[in-house]
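Peer 1: With the input below, show me the fold.
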Amino acid sequence: MRKNRVTLIITLILLLAAIILVITNSYTTLKKDVSDFSIEDTTIVTKIFIADKNNNEVTLTRSVDGSWMVDGKYPAQHVKISSFLKTLMDLEVRSPVPLAARNNVITRMAAIAKKIEIYQVSPRINLFNKIRLFPHEKLTKTYYVGDVTQDNQGTFMLMEGSEEPYIVHIPGFRGFVATRYSAAKSDWRDYTVFKTRVNEILSVKVEFPLQPGQSYQFDLPDNQHVELRSLLSNQVMENYDTIRVLSFLTSFADVRFESLLEQLIKKEFIDSVKTSTPKTIITLTDRSGKINEVKIFKKKGFAALYMEDGMTMEPADLDRAYALVNNGEDFVLIQYYVFDKVTRNLDYLMGKE
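Peer 2: Prediction:
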């Protein structure tokens, strides 16, 4: 009798589990709507994969702390990610592609379309949308993004497995969304070079290889003391301009480069710049021991400078320079307007100029 009761209980449990799975499937199976391109809840998006026909691809991944990474290696631009997630949420179908143009659109998309994969947190068991158990990452949408309509107000999109392309837009927005789906890593990466507050700085060394007398190092053993030392003489410098020094040290809180250049300039040219003598070298060490080194190189201008004696001077770009950032990993373009505040020379800090 007891054995039969155990068997009955097990049978009931299995039956209940089967009923729950059936109900779960009816409530959680993603709607296979071939025109459903939008994401209703972007807060549960965990990963986005974008690939184009030029062999470019990028994976954007949400970290545990809510920040986003590019290919699991580089921080992503917060503003760019937020804007893209809003795009995913606001998408609406304007209309199906007219029958007369359908074949041409599909053929065109086969040649140039970008593939998009959206991953979200999804519960394995979802009972009446009230009880959600066993969350896991799941591929929820895969579709293709083509080019734009003739009126530049819509973008052609096609859901994977469908033969019905649609014209998609954002209501109230004049323009198209095709360009927002970029597979280029450089379009998503954060351009921050320095993001260190003054109380996080252990030391800052600024070297001028062509002017060694202007090179120096700041040491901040604690939040109360700042020591300035000449690198040429190794002498501790007294009576520095306190306001200028404070302005210099606080400037490391937010310094960014303008653009990545690896994909825009030939490797031979980049290598030649890297082997030349840097104009400035900045080495910042924070209190965790992390070292951030930046090398800055002069950039040629477009027009030669003519001296009073009739001689010509090699043209120099007065607005921009090249730089190696992320400890030599990335070759970038920077603006003097941004970097001048962290490349002050020793005479300036001493109030001599």
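Peer 1: my read: I118 touches T42, true?
Peer 2: No. Using CB atoms under 8 Å, I118 makes no contact with T42, being 9.4 Å away. For glycine as for every other residue, the C-beta is placed from the backbone atoms N, C-alpha and C.
Peer 1: Would you mind grabbing the residues shared as contacts by those two?
Peer 2: L88 (CB atoms under 8 Å, 6 or more residues apart in numbering).
Peer 1: for the chain, which strand is longest?
Peer 2: Longest strand in the chain, counting residues (DSSP state E): strand 131-148.
Peer 1: avg pLDDT for it?
Peer 2: Averaged across strand 131-148, the pLDDT comes to 84.
Peer 1: Sheet partners, orientation included, of it?
Peer 2: strand 114-127 (antiparallel), strand 155-159 (antiparallel) (DSSP bridges).
Peer 1: Next, the buried residues of it.
Peer 2: K138, T140, K141, Y143, Y144, V145, G146, V148 (16 or more other CB atoms under 10 Å).
Peer 1: got a list of what the fifth one touches?
Peer 2: Taking CB under 8 Å, 6+ apart as the criterion, Y144 is in contact with M109, A113, K114, K115, I116, M157, L158, M159, E160.
Peer 1: Of those, grab the buried ones for ChimeraX.
Peer 2: A single ChimeraX command selects the buried members of the contacts of Y144 (16+ other CB under 10 Å):
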select :109,113,114,115,116,157,158,159
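Peer 1: what's the farthest-apart pair in the contacts of Y144?
Peer 2: Farthest apart among these by CB to CB are K114 and M159. That separation is 13.8 Å.
Peer 1: Share the number of residues neighbouring T280, please.
Peer 2: Counted with other CB atoms under 10 Å, residues neighbouring T280 total 23.
Peer 1: For it, report the pLDDT, please.
Peer 2: T280 is assigned a pLDDT of 97 by the prediction.
Peer 1: Nearest spatial neighbour of it, chain-adjacent residues omitted?
Peer 2: I296 (4.3 Å; CB to CB, 6 or more residues apart in numbering).
Peer 1: Equivalent analysis for V177, please.
Peer 2: Nearest residue to V177, sequence neighbours excluded (CB to CB, 6+ apart): T155, at 5.2 Å.
Peer 1: before we move on, what about N239?
Peer 2: Closest to N239 by CB to CB, 6+ apart is M350, at 7.5 Å.
Peer 1: Surely that neighbour and M237 touch.
Peer 2: Yes. Assessed by CB under 8 Å, M350 is found in contact with M237 at 6.4 Å.
Peer 1: Could you chop this structure up by domain?
Peer 2: 30-187, 192-349 (automatic domain parsing).
Peer 1: give the contact list for D187.
Peer 2: With CB under 8 Å, 6+ apart, D187 has these contacts: K80.
Peer 1: again, 6 Å this time
Peer 2: For D187, no residue meets the contact criterion (CB atoms under 6 Å, 6 or more residues apart in numbering).
Peer 1: Please report how far it lies from K80.
Peer 2: 7 Å (CB to CB, to the nearest Å).
Peer 1: which residues of the stretch 251-353 of the chain fall in strands?
Peer 2: Ranges of strands in the stretch 251-353 of the chain, per DSSP state E, counting those that start in this stretch, are 255-256, 259-260, 280-286, 291-297, 305-306, 312-313, 320-325, 330-335.
Peer 1: Low-confidence stretches in the chain?
Peer 2: 1-32, 123-135, 302-314 (pLDDT under 70).
Peer 1: Nearest to P165 among the buried residues of strand 131-148?
Peer 2: G146 (7.4 Å).
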